[in-house]
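S.K.: Got a predicted structure here, sequence first:
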Amino acid sequence: LLLDTAADTAADTTADSVAAESPLSLPTELLLLLPPPPHGGWRCAMPQPPPAAQWLQRWEYPPVRRAQRLSYVVSALLPTLDRQRLLAAASVRERLQLCV
């Protein structure tokens, strides 16, 4: 049984407020792949997508294509990732699983 203490709650609140104040800094290539915000909005602070992202959303850029591009672009953020294995992966799912 896990009990939530006041210290844990305070730490969670502090972490949430820090995350809300300083959104992630991501390369433009990744920001272009952000999906449209959910109907209720994002649960945490998100970086502003570049103007080109609006063009992709307007033309309903397919989610599968977005995932495919992400599966290759994410290697730029993970320098220790074996890029040869990434290129040899047979599917988008397999490439994304290599990244996590």
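M.R.: Here it is on my side, so go on.
S.K.: how about the most centrally placed residue in the chain, what does it touch?
M.R.: With distances taken as Cα atoms, centre = their mean, Leu34 lies nearest the centre of the chain, 7.1 Å away. Contact partners of Leu34, counting by Cβ atoms under 8 Å, 6 or more residues apart in numbering, are Met46, Pro47, Pro49, Ala53. Placement of C-beta: from N, CA and C, glycine included.
S.K.: Among those residues, which one has the most neighbours?
M.R.: Neighbour count (other Cβ atoms under 10 Å) singles out Pro49 as the most crowded of the contacts of Leu34, with 20 neighbours.
S.K.: what's near enough to touch it?
M.R.: Per Cβ under 8 Å, 6+ apart, neighbours of Pro49: Leu31, Leu32, Leu34.
S.K.: Report pLDDT for Val92.
M.R.: If you check Val92, the pLDDT there is 90.
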